[in-house]
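Novice: below is the sequence, then the predicted model.
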Amino acid sequence: MIKKLYQLLDKRILLLLMIMLIASPTLCGQNTYTICLIYSHYLTVYMNNIFLLMTYQFAYRLNVFFQPMVIRLGEKAVYIWTYVALFLLGALYTLIIYISYAFFFGAIPSESFQITVVFMIYNFIIMGIETTIIYLQIGQKKNFIYLALPIFVNFLFHILFINLS
């Protein structure tokens, strides 16, 4: 089953995300964990939007198998399973970012520990909202609004959090 889900992911975008993650220390500069996670536009403008595109394509490819899966599993089970798969994909991406940034930039500085943890919690919630918006595409025709709205939410959260902190 996991192999089938992996086949639904676009390998080129996945490779691009991995290269972007490895390039993060260079593109963020020699800053701290907090600066690169919260205040750097690299994560929000580039990496998160590429991830949202990958999730959007994943949901679209799941749509192709929607009817056969409904026949085999039932409509409610397919919707629940799809939402869990999309949410876990987003959670995995977020955790990979947090862990790899800890390796790249070291521990969170004590003076910015609280703001960083608050940002991480809010970012996880926002990721869940963005995934939910993309999830609404399941069972529908492909529509760009299911990608544009999460990208807008991503930018809005980033700009508001920077201005409020």
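Specialist: Good, I have the coordinates. Numbers count the residues shown, from 1 in each chain.
Novice: mind listing what Leu16 touches?
Specialist: Applying Cβ atoms under 8 Å, 6 or more residues apart in numbering, one finds that Leu16 lies in contact with Ile50. Glycine gets a C-beta too; all of them are placed from N, C-alpha and C.
Novice: measure Leu95 to Asn31 for me?
Specialist: Relative to Asn31, Leu95 is positioned 21 Å away (criterion: Cβ to Cβ, to the nearest Å).
Novice: quick check, central residue of the protein?
Specialist: Gly90 (4.4 Å; Cα atoms, centre = their mean).
Novice: wait, isn't that residue in contact with Met127?
Specialist: Yes: taking Cβ atoms under 8 Å as the contact criterion, Gly90 and Met127 are neighbours in contact, 4.6 Å apart.
Novice: ok, Thr32 touching Phe105?
Specialist: Yes: look at Thr32 against Phe105 with Cβ under 8 Å: they come within range, at 6.0 Å.
Novice: buried stuff in the top helix by length along the chain?
Specialist: Ordering each helix of the chain by length in residues (DSSP state H) puts helix 75-105 first. Residues of helix 75-105 classed as buried: 78-79, 82, 85-86, 89-90, 93-94, 97-98, 101, 105 (neighbour count, 16 or more other Cβ atoms under 10 Å).
Novice: low-confidence stretches in this protein?
Specialist: Within the chain, the set of residues satisfying pLDDT under 70 comprises 1-9, 30, 165.
Novice: gap between the residue lying farthest from the centre of it and Phe58?
Specialist: Checked against the mean C-alpha position of the chain, the extreme residue using Cα atoms, centre = their mean is Ile71, at a distance of 29.8 Å. Distance of Ile71 to Phe58, given as Cβ to Cβ: 21 Å.
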